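Peer 1: Take a look and give me a structure for this.
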Amino acid sequence: MLDIKPRDVQVASIPAADTTVLRSRTWERLKFEVEYSLQRGTTANSYLIQADKTALIDPPGESFTEIFLHQLQESVELQQLDYIILGHVNPNRMVTLKALLELTPQVTFICSKPGAIALQSALREYQEQLTIWVPRAEDTLDLGNAHQLQFISVPTPRWPDGLCTYDPATRILFTDKLLGCHVCGDEVFDENWKRLDEDRRFYYDCLHASQARQVEVALDKLAAFSPKIYAPGHGPIVRYSLSRLTHDYRTWSQQQKEQDLTVALIYASAYGNTATLAQAIAKGMTKAGVAVESINCEFADPTEIEAAVQKCDGFVIGSPTLGGHMPTQVQTALGIVLSNTAKTKLAGVFGSYGWSGEAVDEIENKLQDAGYRLGCETIRVKFKPDEVTLQMCKEAGTDFAQALKKSKKFRTPSQAVSNAQIDRTAQAVGRVVGSLCVLAAKRNGVTNAMLASWITQASFNPPGLTIAVAKDRAVESLTHTGDKFVLNILKEGMNVRRHFLKPFAPGEDRLAGLDTQEAENGCPIINDALAYLECTVKNRMDCGDHWLIYAAVDEGKVIQCTGMTAVHHRKSGSQY
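Peer 2: Presented below is the predicted three-dimensional model:
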C-alpha cells in the first residue's frame, strides 16, 4: 500500500542565476487519465525567474491552487510579478489563473495564439484587465540580468497551443508536456535517472506515441538552442540524462513511424473528455504494434486530414455531442473521410456526451451506410471517463489493431532463411513447455486476467519468477514495476482453461463465472486452481512483442494436495 502524504509545494533553487522551481506534489493519483495510471504520484512544476522583472512559468492546475499560491507569496512579492508564461492552456488551470489575476491584476500573460484564444474565452469576466502577449518566432522577452527569453512553438494534436521557453542566460529549456514523467519524490533532479526509465517510457507511450511526427518536429526545433537542462512540467528536472532522454524520444518516435500499419485517429473534444478517450484508444493500438496518427480536427487543415486518411490502413473518428449534433469540425472531417477513403479500410467510432450522444450514433450510421466495416464496438461514454472506462477503451484500441492486422493478413517481416528452416526452428522452440497458469491482477478497481504458460522460476532468495506477457494483452497494463498479481497454477483438466480460451469483449470481466476469492494483495485467487502465488513486479524487460516480467513471490499456498500441474504442449514456437 502507498504511504499517502499530504500535498505540498517543494521549493528548490536551480543551479543557475535567479531561477527557482516550485514543485506542487502529490503522492496520490491526480485524476483519471491514462498517463497517471501507474499511480506513482506526480509533481506539477512551476518555475520562477526573478531578475529586473519577474516571470512565472506554468502555474499548476486547480488541485494545487491553494497551497501553490501560499508558497508563491512566500517566494515573491506578487505585486512585482510581471509575466505568466503558459506552455499550454487548459480548463484545469483556470482556477489558479483567476486567483492570480485577483492578486496580480497588472500581470501580462504570454502564450501561443491558440492559447490566447482559449484564455480569452475562459477569462471573459476579466477582459478589461486581461493583457496577453503572443510572441512571434523572432521575439524575445528581456527580464534583465541577461535573461533574454526565447519562445518555441511546438503544437501537437493534444496540445495545439504548445509553447516552450528557453533562457540563454542559464541554458534552461522549459519543456512543459515534453520530456517529463509522472513520479513524485524528494529528488529535484534526475541524478538517479536509470530508475526513471520505465516511467519515462510509459509517459511517452501514453501522451506522445500517437503524435510522434509532431514530437520529432519539436525535438528538431529544441535542438537548435543547445540546452544543458530540461525543465519539464512534470517529474524531476533533467540535468544528468539530457542527451539520453533526447535520444530515447527520437528512438521511440522513429519506432512508431516504422510500424507496418497505421491508424488515423481523428477527433474533437469540447471539454477534454473525448480527447481522454482518444488517448486511451491510441495507447491500446500502439502497444499492439500499430502506429497512430492523431489529428485534432479543431486545428488541423483539411488537406492534413485528407492526406492522413488516404495513406492510413484504418481510421477512428471521435466526437462530443453539442446541442444534439457533432461539432462543425467533425462534420467537415467526416465529409473528407467519406469522399477520400476506400471502403475496404477498417473504421471505428467513439465519443463522450452529457445527455443524449447523438453525434456518435450519427457518425456510426453514416459510416455503415457508406459500406465501412467497424473494427470494434462503438464506444459511448457519458460525462468524464473513469478508470474502468479507460481500460475498456485501451482494450478496444487493441482489438481494433488486431482486427486491422487480420484484415491486412499481417505477417512478420521476411527472414533471410528458408521456409523449411523457419518451420524446423518453430517446431523445436515449440518443444519448450511451461506450467499452465492464470495471471490475475487488480489495480484501482480494474481487474484483468490471462492464461499464461511462458513462466519459470528465476531465483531462490528471494523466491522469484519470470513471466512473458504479450504487449497486446489487456492485463499488460497492470504488470508494471510495483504492481501486484496472483499467479493461479492450474491442474490438469479443461474447465478453467476452456473459460480463458474464449474471446472477451473490451472491458469484459475475464473472471465472471469462476469461483474466486481475494488474496492478501487484493488480487483474485481462482479456487479451482491447484495452487497460487501472490507476487510483486520488480522489473520489466522489453523483449520484442512481449514484456518479460520478473516478480518476487510474497505468499503462496497449495489449494489441492492431489492433482497434477497442467502443462502447455505446443507444436510450434510461432504461436501459443
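Peer 1: Longest helix in the chain, please.
Peer 2: Longest helix in the chain by number of residues, with DSSP state H as the criterion: helix 387-407.
Peer 1: which parts of it are buried?
Peer 2: 387, 389-405, 407 (16 or more other Cβ atoms under 10 Å). Heads up, the C-betas are built off the backbone N, CA and C, glycines and all.
Peer 1: if I look at the residue nearest the centre of the chain, how far off is Ile117?
Peer 2: Per Cα atoms, centre = their mean, the C-alpha nearest to the average position across the chain is that of Cys206, at 1.6 Å. Separation of Cys206 from Ile117 (Cβ to Cβ, to the nearest Å): 27 Å.
Peer 1: pretty sure the residue nearest to the centre of the chain contacts Ile281?
Peer 2: No. Counting by Cβ atoms under 8 Å, no contact exists between Cys206 and Ile281, whose distance comes to 11.7 Å.
Peer 1: Excluding its own residues, what touches the longest helix of the chain? List them.
Peer 2: Surrounding helix 387-407, the residues in contact under the criterion Cβ atoms under 8 Å, 6 or more residues apart in numbering are 32-34, 37, 261, 263, 276-277, 280-285, 287-290, 313-314, 316, 346, 348, 350, 375-377, 379, 381, 385, 410, 444-446, 448, 472, 474, 477, 506-507.
Peer 1: Okay, and which of those map to helices?
Peer 2: Using DSSP H, the subset of the contacts of helix 387-407 located in helices is 276-277, 280-285, 287.
Peer 1: just the buried members of these?
Peer 2: The neighbour-count test (16+ other Cβ under 10 Å) applied to these identifies 276-277, 280-285, 287 as buried.
Peer 1: just these now: which is nearest Leu81?
Peer 2: Distances from Leu81 to these, taken as Cβ to Cβ, are shortest for Thr276 (32.2 Å).
Peer 1: Contacts only, for the closest one.
Peer 2: By Cβ under 8 Å, 6+ apart, the contact list for Thr276 reads 32-34, 269, 384-385, 390.
Peer 1: buried subset of these?
Peer 2: The neighbour-count test (16+ other Cβ under 10 Å) marks 32-34, 269, 385, 390 as buried among the contacts of Thr276.
Peer 1: ok, of those, which one's closest to Asp161?
Peer 2: Of all the buried ones among the contacts of Thr276, the one with the least separation from Asp161 (Cβ to Cβ) is Ser269, at 13.6 Å.
Peer 1: Looking at per-residue confidence, what score does that closest one get?
Peer 2: The per-residue pLDDT reported for Ser269 equals 94.
Peer 1: what phi and what psi does the backbone show at it?
Peer 2: With angles defined as degrees, to the nearest 10, Ser269 sits at phi -140, psi 120.
Peer 1: how much space is there between it and Ser319?
Peer 2: The span separating Ser269 from Ser319 equals 9 Å under the rule Cβ to Cβ.
Peer 1: ok, now Val95?
Peer 2: Here the criterion is Cβ to Cβ. By it, Val95 lies 27 Å from Ser319.
Peer 1: ok, the two, which is more surrounded?
Peer 2: The residue with more neighbours, out of Val95 and Ser319 and counting by other Cβ atoms under 10 Å, is Ser319; that gives 31 against 16.
Peer 1: The host helix or strand of Ile467 pairs with which strands?
Peer 2: Taking DSSP states H and E as the definition, one finds Ile467 inside strand 464-470. According to DSSP bridges, the neighbouring strands of strand 464-470, each with its direction, are strand 455-459 (antiparallel), strand 546-558 (antiparallel).
Peer 1: outside of the helix or strand following the last one, which residues touch it?
Peer 2: Where DSSP H and E defines the elements, the next helix or strand beyond strand 546-558 is strand 567-568. Defining contact as Cβ under 8 Å, 6+ apart, one finds that strand 567-568 is touched by 433-436, 453, 576.
Peer 1: Lovely, talk soon.
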